[in-house]
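Chemist: predicted coordinates and the sequence they were generated for:
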Number of protein chains: 4
Amino acid sequence: MRTTLRYGQVGGTLNAFIGGVHRKAVAIDEQAQLVAGCFSAHNPEANAQTGRHYGIEAGRIYSDYREMAEAEAARGDDRIDFVVICTPNNTHYEVAREFILKGIHIVCEKPLCFTVAQAEELCRLAKERGVLFCVTYTYTGYNMVKQAKQMIAEGAIGKVIDVKGEYLQDWLIDEVGDSVNPDKKLSVWRMNPEFSGISNCVGDIGTHIEETVAYMTGSPVRRVAAVLDTFDHPLDLNANMLVEFENGAHGTFSCSQVAAGHYNGLAIRIFGTKGSIEWEQEHPDFLKYTPKGEPSRIYTRAAHTSGHAADINRIPSGHPEGLTMAFANIYRTFTSAVLNIVNGKANDGEWDLDFPTVEDGLRGVKFIDGCVRSSKAGSAWVEL
Amino acid sequence: MRTTLRYGQVGGTLNAFIGGVHRKAVAIDEQAQLVAGCFSAHNPEANAQTGRHYGIEAGRIYSDYREMAEAEAARGDDRIDFVVICTPNNTHYEVAREFILKGIHIVCEKPLCFTVAQAEELCRLAKERGVLFCVTYTYTGYNMVKQAKQMIAEGAIGKVIDVKGEYLQDWLIDEVGDSVNPDKKLSVWRMNPEFSGISNCVGDIGTHIEETVAYMTGSPVRRVAAVLDTFDHPLDLNANMLVEFENGAHGTFSCSQVAAGHYNGLAIRIFGTKGSIEWEQEHPDFLKYTPKGEPSRIYTRAAHTSGHAADINRIPSGHPEGLTMAFANIYRTFTSAVLNIVNGKANDGEWDLDFPTVEDGLRGVKFIDGCVRSSKAGSAWVEL
Amino acid sequence: MRTTLRYGQVGGTLNAFIGGVHRKAVAIDEQAQLVAGCFSAHNPEANAQTGRHYGIEAGRIYSDYREMAEAEAARGDDRIDFVVICTPNNTHYEVAREFILKGIHIVCEKPLCFTVAQAEELCRLAKERGVLFCVTYTYTGYNMVKQAKQMIAEGAIGKVIDVKGEYLQDWLIDEVGDSVNPDKKLSVWRMNPEFSGISNCVGDIGTHIEETVAYMTGSPVRRVAAVLDTFDHPLDLNANMLVEFENGAHGTFSCSQVAAGHYNGLAIRIFGTKGSIEWEQEHPDFLKYTPKGEPSRIYTRAAHTSGHAADINRIPSGHPEGLTMAFANIYRTFTSAVLNIVNGKANDGEWDLDFPTVEDGLRGVKFIDGCVRSSKAGSAWVEL
Amino acid sequence: MRTTLRYGQVGGTLNAFIGGVHRKAVAIDEQAQLVAGCFSAHNPEANAQTGRHYGIEAGRIYSDYREMAEAEAARGDDRIDFVVICTPNNTHYEVAREFILKGIHIVCEKPLCFTVAQAEELCRLAKERGVLFCVTYTYTGYNMVKQAKQMIAEGAIGKVIDVKGEYLQDWLIDEVGDSVNPDKKLSVWRMNPEFSGISNCVGDIGTHIEETVAYMTGSPVRRVAAVLDTFDHPLDLNANMLVEFENGAHGTFSCSQVAAGHYNGLAIRIFGTKGSIEWEQEHPDFLKYTPKGEPSRIYTRAAHTSGHAADINRIPSGHPEGLTMAFANIYRTFTSAVLNIVNGKANDGEWDLDFPTVEDGLRGVKFIDGCVRSSKAGSAWVEL
């Protein structure tokens, strides 16, 4: 029986940010080893250097992701078990498609792809080929987000009647104001439609609100009425929206890259008929829970977690686990499931599959698409 | 030269809540004495008892507000200088109209009245008759709200590009859920159209968001796209809205009476091209100011106030002044202006008229009206 | 039966800070009228002006507190019921003594006096003459301090095992550092032994920690080991101390006038065998209560108060009452008790006497004395 | 030139907590590989299993730390470069001594050892043998602790005049109260003198306050007046102390394992003549800095870090790095320095040696010793 996995990576040279986070997150639980990669198709030197750094044998440092998919699939028993896709957003679709077709399991950065049609195709193919497909919506890996999900499922706040979600950053604030030259700014790839598709801000961070709320409540957004602000740029840098959930509740979502004094300010507040739950990503180990008519309670990771959220605790309460551990939580669940598969276990319904999937990725693409359509239609309600 | 004023009150018997707050707020600065009143038209005993409690002479305890306006106007030189209107919302219009026509200055509880037409008439009449008309939007009386207004006017946050405003309460949470009988609940007068007009939640607290934001930024709401939740009651208990300001900026406003764990959670966050300002009513002596690219700063009342906001400080920093002092700040400004008038001073442009007026009241009525119309029109944008 | 009282004031001209707070606090509950005063012995003009401002008849504006005590006592039935003493600290003893001897009830600013012997004499005299004697330790008037006291008395935190108390200000920070001239600074009266006695910082604010903690827990300090920092001034500007309570528990108290970023930072944390309670004066409407092993709870004034602490609520939860209301709470209790006395009621054990008394004042003087003695003795433990 | 190191571990089987944290912290920066170990001397099976799990060759899984030191030293060029000591506290001294004598660099858990004499010997030996010796006082690895150290060194708060340090936990609260049987509780090894030496609470967490403060200010504690509470147990569970620093400033330190509602509540507040700095371990990415007379500023990791504290940032601001990264920061610095040594570089004064050393370990042992002595002497001041 195998106890560790082999994986490859597309994208993510030594200097790239998110590729490194993926590797560290995998390393923390020691369930997989990096054995192959196409770290850069454009920069052969960086590609080779990255491969060497991780001790990858020369023959498995590929110059093209198609070649990599082909060659790995041909290796048979010692091929990679899964691939991690960290390329720019505009290539996710084609790379993921290629590896699905070879039956290789997938971890892909969000957003999944550019169009709803692409996303639906990836969902269909993954299902057909029996491929496990994880989309790294990191924040669902936080312990207290899981605790919130559990408590809501157990009825702690009754029926959800309103949700406020926001994700505020300020790193692009210099791009608004009188003297800004929008053309110049296409050099920031997130602001450039070629690499980011139809949305910058909603596509990068708004989609995290949608996913985290849906994960917590189990009730996704049904329709959205949005107003996106571009400040004369091609894509949005700020957005506000009315949302309606499948259960009929309303609320607001707001995301911004120009909100001074906010860094990664993802904050979710869920109000129900019997109480409320509030959580902030910048202080992720705490949860504010208010049962109707009673004082608010501060739940602290490890001290006041239960069930699954307690099982996954890594260090004692009061010691912050941080973002990398949330990432690692997602990987640990994904790799455990892949281990089950490669060891030929049948899924008896007891498998832990608590990681964001290609279906979440599809929902995210629909959400981004709906926001852009609504804003163009004068903030009319748009069904997702 | 007179140094104190005489005033009368319509509504506000000894047991009524808000009437007492008005009297305490007046008492704090000792600029006016209660000398006349029609405290209750329906309960002669409570009316008389309240009058006696304040040492009002029998002849100036009136059983009808029209009689009071008439009789006071006829007294000539020792008539009341202003009247405080604390009756239920549905009578504000008629009472205010009566006293304006007698040339008596007015302090009126919000909302000003039920319809835009009524509000416009009151504005016109007040102007024609030279009547000072204060509508007690209390929160604009807070020191740090004034500090925020000043800082924004001085350019501390550049051009306003987004605003988040919310006012969350939970006192009606028992009115949502499976077993609620909406008919029964008309006994809560705020939920009853007869006394509250077209809106409960927006009319009671949503309007405070609008006024406080407009006061701070100087840029009122131009149009609104709202969704109001009634939970099967005649009027709204929860509302979310997209707003567009006169300067083109967008944002969201949310108000609720069913948000567990929130009491008088008025919170305003204003984002500009050069920084942001954030303020919470439950901790009113503090202001969070973030200049673009720099650490957030916590401004504390008295320690870090300047200009007008410094002039009005009453007690040292770190000692909370509280809501009643915000109320008293509004009264102190209003009574000072009335003193100027009764002493025959000409307004040389130096008068301090920093209190909410009948024009703010009109804008508030338009806002409530717009929210209700938008919600009925499927959250379409509605001009105010 | 009388429903209102008459009172006089010694000290507190129109421009003085604390004298005005006393008058506003009395005014809020309309239970007493200012009818006599010796507002300044040194400044006849300010004395007369203050008297006139409050409509006091000329014959009751006194130029000397002894004359006032004499004259008022001689008036018989319409003499003042109580006197408010707001003079500099060094005169409290003599003024209070004079009025006690005339049988006039007393409200006196803290600290009560300079020496333990003086304080003991005042206690004895007040008891002998049946005089009600309130020392305005303001913070015990806060609603949530009373809620804490109740909860601790009811066993919510079990047996007290540790207490952390602090009161941090920064208004004298310019008085420390390289270039300070200590001589010059005697112009700040609190730093001048002539007016402040043996201690500045402990006497002004440290004593509030001691009183508030003793009020909450019912277990006063038994002994203290203190280190006072004078930074080359005659009196202390900063102090730290180990404390031992009558029940054997230990803890620390710290007070400072040179702690940058703190204004009136009185903060009390009480730890027991079954839980803890924490409270901060700058956010007085909230209380953090942690039952052992459970999430911390945020108690909010009015929403989560009970018993006596609920009875005294004035405005709804989420609207800050502020410091002046805490002051008014003390006055309301004191004047109610005086009303009982002047109306000849016998104390059946049901009277509400929940205000700080001359006994608290004595304990405060002992505490200040103990801290100074301990610091001089190299921080040795000193019994109080 | 070598780019990675080889290391061994004494203690830390698969199920042990802190041993795993060390391995993960090393793994994050990929600078060293685990190649040898004596994970358990008492449990051969756990020892072998742990070794196999990490792919250690059978000949380097040792049953005795002396044997390990001997055998590794004998290997010559491919011996381990450093050893990580995670055994119970009572064995730190002997294990560390053995490896120093073989010239192997050392990472050791705190507290360093039991007695001042032992600690002094380890300091002397390490110096004589040229051994780098890191004691893992984790909290000095936090980015914002380093930022605070820098700012203080640069004069941001002037001369330090007072320090408040505390470390509050509640995990032993069940051990106080009426029905506790102290004998039984020796099963908690921290409460047992055999494993913990002369102190439980001060030795485990009080020492972190001392180290973190000394690191930030550069001014260690000169003498201490302490009162330790044992609640009838052999060792302390709660402690309060007056401290005096080498620069003459005073302050208080408090540590507790029985403070309900606190988990790993290390909080440091440093007051100076020109400002103050405050930091809390449970929210480690933020720092409150108040320049004298100005609003407090909230410094956020990555957004407002500078110099060395900026260089070591790993992920963008607003994404919590967490405790494991603080640990990894210490390891990255230590292993970089060891790499310099093994590559034969001369220390030109540019080496980054910013990790806690055996000298810090010695100071920690002296601090624990001083607290215990002071408490036994009735809280008399004791020089360290």
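Modeler: Sure thing, it's come through.

Chemist: C-alpha only now, for contacts and for neighbours.
Modeler: Fine.

Chemist: now do the strands in chain A.
Modeler: With DSSP state E, the ranges of strands along chain A come out as A:5-10, A:32-38, A:82-85, A:105-108, A:133-135, A:160-168, A:221-229, A:238-245, A:250-256, A:265-272, A:275-280, A:286-291, A:296-300, A:382-383.

Chemist: just checking: what are the partner strands of the last one?
Modeler: Taking DSSP bridges as the criterion, strand A:382-383 sits next to strand A:221-229 (antiparallel) in its sheet.

Chemist: could you tell me which residues of the stretch 201-350 of chain A lie near chain C?
Modeler: Residues of the stretch 201-350 of chain A lying near chain C by C-alpha under 8 Å from any C-alpha of the partner chain: A:293, A:294, A:295, A:296, A:297, A:298, A:299, A:300, A:303, A:304.

Chemist: quick check, the last one in contact with residue C:295.
Modeler: To tie it back to what came earlier, the one meant is residue A:304. Yes - the pair residue A:304 and residue C:295 qualifies as a contact (C-alpha atoms under 8 Å) at a distance of 6.7 Å.

Chemist: which residues touch residue A:257?
Modeler: Contacts here follow C-alpha atoms under 8 Å, 6 or more residues apart in numbering or on different chains; on that basis residue A:257 touches A:168, A:169, A:170, A:171, A:172, A:173, A:201, A:237, A:238.

Chemist: and for residue A:237?
Modeler: Residue A:237 touches A:172, A:200, A:201, A:228, A:229, A:230, A:231, A:256, A:257, A:258, counting by C-alpha under 8 Å, 6+ apart.

Chemist: could you check how far the second one is from residue A:96?
Modeler: Translated: residue A:200. Using C-alpha to C-alpha, to the nearest Å, one obtains 22 Å as the distance from residue A:200 to residue A:96.

Chemist: quick check: the gap between the residue of the stretch 51-200 of chain A found nearest chain B and residue A:233.
Modeler: Among all residues of the stretch 51-200 of chain A, residue A:177 sits closest to chain B, at 5.8 Å; criterion: C-alpha to the nearest C-alpha. Going from residue A:177 to residue A:233 by C-alpha to C-alpha gives 12 Å.

Chemist: of these two, which one has the most company?
Modeler: Taking other C-alpha atoms under 10 Å in any protein chain shown, residue A:177 and residue A:233 do not tie; residue A:233 has more neighbours (19 against 16).

Chemist: residue contacts, the residue of chain A most remote from its centre?
Modeler: Farthest-out residue of chain A from its mean C-alpha position, per C-alpha atoms, centre = their mean: residue A:293, at 35.4 Å. Applying C-alpha under 8 Å, 6+ apart to residue A:293 gives the contacts B:260, B:261, C:303.

Chemist: returning to that earlier point: from the contacts of residue A:257, which land in helices?
Modeler: residue A:201 (DSSP state H).

Chemist: I'd like the contacts of residue A:257 laid out as TSV, including pLDDT.
Modeler: Putting those into TSV (pLDDT from 0 to 100) gives the following:
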residue	pLDDT
A:168	98
A:169	98
A:170	97
A:171	95
A:172	95
A:173	95
A:201	97
A:237	97
A:238	98
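
Chemist: got the contacts of residue A:293 as a markdown table, with distance to residue C:324, pLDDT and neighbour count columns?
Modeler: Formatted as a markdown table, those follow (distance: C-alpha to C-alpha, whole Å; pLDDT from 0 to 100; neighbours: other C-alpha atoms under 10 Å in any protein chain shown):
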| residue | distance to residue C:324 | pLDDT | neighbour count |
| --- | --- | --- | --- |
| B:260 | 29 | 98 | 30 |
| B:261 | 26 | 97 | 29 |
| C:303 | 20 | 96 | 19 |
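
Chemist: contact partners for residue A:149?
Modeler: Going by C-alpha under 8 Å, 6+ apart, residue A:149 touches A:215, A:216, A:217, A:218.

Chemist: pLDDT score assigned to the closest residue to the second one other than its chain neighbours?
Modeler: In other words, residue A:216. In space, residue A:216 comes closest to residue A:149 once its chain neighbours are excluded; the distance is 4.1 Å by C-alpha to C-alpha, 6 or more residues apart in numbering or on different chains. Note on residue A:149: pLDDT of 98.

Chemist: still on that earlier bit, any chance of JSON lines for the residues of the stretch 201-350 of chain A next to chain C, columns distance to residue A:371?
Modeler: Listed next are those as JSON lines, based on distance: C-alpha to C-alpha, whole Å:
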{"residue": "A:293", "distance to residue A:371": "36"}
{"residue": "A:294", "distance to residue A:371": "37"}
{"residue": "A:295", "distance to residue A:371": "37"}
{"residue": "A:296", "distance to residue A:371": "34"}
{"residue": "A:297", "distance to residue A:371": "35"}
{"residue": "A:298", "distance to residue A:371": "34"}
{"residue": "A:299", "distance to residue A:371": "34"}
{"residue": "A:300", "distance to residue A:371": "35"}
{"residue": "A:303", "distance to residue A:371": "39"}
{"residue": "A:304", "distance to residue A:371": "37"}
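
Chemist: between those residues, which has the most around it?
Modeler: Neighbour-wise, those (other C-alpha under 10 Å) top out at residue A:296, 25 neighbours.

Chemist: correct me, but it touches residue C:299?
Modeler: Yes - counting by C-alpha under 8 Å, residue A:296 touches residue C:299, with 7.4 Å between them.

Chemist: coming back round to it: can I get the buried part of the contacts of residue A:149 as one PyMOL selection?
Modeler: To isolate the buried ones among the contacts of residue A:149 in PyMOL, judged by 16 or more other C-alpha atoms under 10 Å in any protein chain shown, type:
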select buried, chain A and resi 215+216+217+218
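
Chemist: residue D:4: which of the contacts of residue A:149 is nearest?
Modeler: Comparing the contacts of residue A:149 against residue D:4 with C-alpha to C-alpha places residue A:215 closest, at 41.2 Å.
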